[in-house]
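1. could you work out the structure for the sequence below:
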Amino acid sequence: MAHSKLARAPRRPPTRPPARWRPAAGAPPKAAATNGPLDAIPAWSQLKLDIVRRYGAAYSTISSRQPGLAHYWIDGFIRSGTDTATAPRPHEFAPGSALNALLVTPPFRHHYLVNLDGQRVDAVRRAVGGRADVTLLEGDATRALLEEVLPRVRQEDYRRALCVLDPCPPGPDWRVIELAGRLRTIDLFVAFADTPEATPQALTRRLREDARFANVMEPLALRDHAGRTAAHLFFASRNNMANGVVEDIFTTHRDGRAAGAHG
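-> Numbering: from 1, shown residues only. Model (predicted):
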């Protein structure tokens, strides 16, 4: 895992979670597209569940052993029709739920859920309840990530985060990707829709050269119902210590294989 060799640091008091962000007056929330690569990928909800259940659990276990370290879960671009808004039953992961990370043990210090589609924010808020370790951000997702969330994951404050960005058209804003890489505190799963201009090779180079991630794995092709590649999922991090866990997840899902064999 990427965090097993973190240097010890003096324990710091936990930071206060930010106030729930709202767009400025006169700036309505950006609506998500109703159809896009995510909607065409039948295995995406199971794949995301695997990331939470297997990689997230390992990540949180290692991070929790580091004295003074605060580690966060960042779920970007939750959209209507893609993730279930209802909370899973106690101690039970649910395919497609945006709230699976709340069931990881040991828990993340804080969870940031960035909602791209304001239509579902009330349902997600009801499902979260009054948990103090959850911040739901709604409105302009890019602005929320750039101004509220990522700046809190600073190396000098001894912070780390695991971030998952869904494949939403027209794709994640590269300012978010570049900030995540240059902070050198983020492990990132990011899905890009396939286009003639944005090939997997070009995106890999950009993650390394522009975002300056030291480690970028070979991406996983995400296929639609017809078996065509609709998007690619990338894993990028500060080093290659977590590659074994990620490759196991990717291998499970290559060529459309399901992850049902993994509990």
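
2. alpha carbons only for contacts and neighbour counts from here, please
-> Fine.

3. host element of the closest residue in space to V216 that isn't next to it in sequence?
-> Using Cα to Cα, 6 or more residues apart in numbering and skipping residues adjacent in sequence, the residue nearest V216 is A236, 4.4 Å away. Using DSSP states H and E, A236 sits in strand 229-237.

4. what's the mean pLDDT across the very next helix or strand once past that strand?
-> Downstream of strand 229-237, the first helix or strand assigned by DSSP H and E is helix 243-253. Averaged over helix 243-253, pLDDT sits at 93.

5. centre-most residue in the chain?
-> Centroid-nearest residue in the chain, with Cα atoms, centre = their mean: V164, separated by 1.3 Å.

6. what is that residue paired to in the beta sheet?
-> Taking DSSP bridges as the rule, V164 bridges to D75, F189.

7. buried residues of the lowest-mean-pLDDT helix or strand in the chain, list them for me.
-> Least confident helix or strand of the chain, by mean pLDDT, DSSP states H and E, is helix 121-128 with a mean of 76. Buried residues in helix 121-128, counted by 16 or more other Cα atoms under 10 Å: 121, 124-125, 127-128.

8. kindly report the same for stretch 223-236.
-> 223-224, 229-236.

9. farthest-separated two in these?
-> Longest distance between any two of the buried residues of stretch 223-236 is 23.4 Å, between D224 and A236; criterion Cα to Cα.

10. quick check, pLDDT for the residue nearest to the centre of the chain.
-> What the model reports for V164 is a pLDDT of 93.

11. so what's it up against?
-> For V164, the contact set (Cα atoms under 8 Å, 6 or more residues apart in numbering) comprises 74-76, 188-190.

12. can you give the contact residues for stretch 210-225?
-> When contacts are defined by Cα under 8 Å, 6+ apart, stretch 210-225 is touched by residues 37, 40-44, 177-182, 184, 200, 204, 207-208, 229-240, 243, 250, 253-256.

13. just the CA atoms of it, as CSV, please.
-> What follows is stretch 210-225, C-alpha atoms only, in CSV (Å, rounded to 0.1, in the frame of the first residue of the first chain):
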residue,chain,number,x,y,z
ASP,A,210,1.0,17.6,-16.5
ALA,A,211,-0.4,16.3,-13.2
ARG,A,212,3.0,14.9,-12.2
PHE,A,213,1.8,11.6,-10.7
ALA,A,214,4.8,9.4,-10.2
ASN,A,215,2.8,6.2,-10.7
VAL,A,216,0.2,5.7,-13.4
MET,A,217,-1.0,2.2,-14.1
GLU,A,218,-2.1,0.7,-17.3
PRO,A,219,-5.8,1.7,-17.5
LEU,A,220,-8.8,-0.6,-17.4
ALA,A,221,-11.1,-0.6,-20.4
LEU,A,222,-14.8,0.0,-19.4
ARG,A,223,-17.2,-1.6,-21.9
ASP,A,224,-20.7,-0.8,-22.8
HIS,A,225,-23.6,-3.3,-23.2
